[in-house]
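> Generate coordinates for the sequence data below:
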Amino acid sequence: MRTDLFDFDLPTTSIALRPASPRDAARMLVVQGDGVLRDRTVAELPHWLEPGDQLVVNDTKVISAQLRGRRIGRETEPKIEATLIKRLDGSRWRALVKPAKKLAPGDVVRFGNEGKVCLLGHLDAEVEAKGEEGEITLSFSFHGPTLDQAIADLGTPPLPPYIASKRTPDDRDAADYQTMFAANEGAVAAPTAGLHFTPALEAALRARGVALHRLTLHVGAGTFLPVKVEETSEHKMHAEWGSISSDTAAALNAARARGGRIVAVGTTSLRLLESAAREDGTIAPFEGETSIFITPGYRFRAVDILLTNFHLPRSTLFMLVSAFSGLDTMKQAYAHAIAAGYRFYSYGDACLLFRARA
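Residues are numbered from 1 along each chain as shown. Modelled structure (predicted):
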């Protein structure tokens, strides 16, 4: 399909720069299979689910993957910004850097931040390899848990560029950009639908008879990258690591056999569930990487309902929700959301999508 089919105009004033408080006070646009739109709040989510439904959240934890430093060892020492996007082993990470043209294989970047002390006061990394679109491989001077601690000390949460370009990240973001389910470190972007949850909302869901399950998908920086090709078939997704335990898979399969629906909290949960789904819709245990790319025409096997935020034009995530609920329906829903003042993107409002029936 043509990428421009998924384009729409979004006023910059629609982009949320801070989350709602409390989190479940965010607005929620309910989009049902008949195309009817209803304006609600996330706190009302239990009313839209039935006893026996199974809610699936992503418990990945965002690491402090944004590092700032300078190139050393040459006559000039330009400033370098790096966003870690994928761990390769105990000391090596793949990263997106700016400005990439200032670095070559063999260069050393010294990361540090005045006011923060990390072991010896800084963290060095050698540029091991250089790829396309600002992507490099960094080999750090520390290894394993010591490196993890150094990154935690020196780094900051990598806020999406549509927020970071409008204000300076601060200490509030360290908490705001983490879900209440965050447990397994490894993501460089938050599974943002999970940001809407509070202990009170979780309690209300359980009181409604809705069970809650966890999986892990470490969200990569590919979520920040626009689709630049003209045809969706030409776009290459970045692989992300995920895990669904055998206990979770068994519980979901048993509940679905009893008539319960699977409700994915976020596109990350949906993508991993669909990656693990068999042809008959049952879910297999999963551990490994997925690069699943869902566009209209995809046959969903596992997920019945999706809670998600409002996504960027021409993005893989808007393509996914268009596959789930129909392109025309989602264009209508987004036009309504813009006109009604819904807040978009990571810190924005939510929509509850019921899968379109073929």
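
> in the stretch 1-150 of the chain, which spans are strands?
27-31, 37-41, 54-58, 60-62, 66-72, 79-87, 92-98, 108-111, 123-130, 135-140 (DSSP state E, counting those that start in this stretch).

> what's near enough to touch Thr329?
Taking Cβ atoms under 8 Å, 6 or more residues apart in numbering as the criterion, Thr329 is in contact with Val31, Gly35, Ala356. Bear in mind the C-beta positions are built from the backbone N, C-alpha and C, glycine included.

> hang on, the earlier thing: could the strands of the stretch 1-150 of the chain be laid out in a markdown table, adding distance to Thr329 and mean pLDDT?
Shown next, in a markdown table, are the strands of the stretch 1-150 of the chain (distance: least, Cβ to Cβ, whole Å; pLDDT from 0 to 100):
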| stretch | distance to Thr329 | mean pLDDT |
| --- | --- | --- |
| strand 27-31 | 6 | 98 |
| strand 37-41 | 9 | 97 |
| strand 54-58 | 23 | 98 |
| strand 60-62 | 29 | 95 |
| strand 66-72 | 36 | 92 |
| strand 79-87 | 33 | 90 |
| strand 92-98 | 34 | 92 |
| strand 108-111 | 46 | 94 |
| strand 123-130 | 43 | 94 |
| strand 135-140 | 36 | 94 |
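
> which of the contacts of Thr329 lies closest to Ile151?
Proximity of the contacts of Thr329 to Ile151 was ranked by Cβ to Cβ; the top entry is Val31 with 39.0 Å.

> Wait, that closest one touches His336, no?
No. Using Cβ atoms under 8 Å, Val31 is not in contact with His336, being 9.2 Å away.

> follow-up on the earlier one: for the strands of the stretch 1-150 of the chain, give me a markdown table that also has mean neighbour count and distance to Tyr162.
What follows is the strands of the stretch 1-150 of the chain, written out as a markdown table (neighbours: other Cβ atoms under 10 Å; distance: least, Cβ to Cβ, whole Å):
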| stretch | mean neighbour count | distance to Tyr162 |
| --- | --- | --- |
| strand 27-31 | 21 | 19 |
| strand 37-41 | 14 | 24 |
| strand 54-58 | 25 | 21 |
| strand 60-62 | 24 | 17 |
| strand 66-72 | 18 | 15 |
| strand 79-87 | 20 | 14 |
| strand 92-98 | 20 | 16 |
| strand 108-111 | 22 | 24 |
| strand 123-130 | 18 | 26 |
| strand 135-140 | 20 | 20 |
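
> Gly288: which of the ones you listed is closest?
strand 79-87 (13.8 Å).
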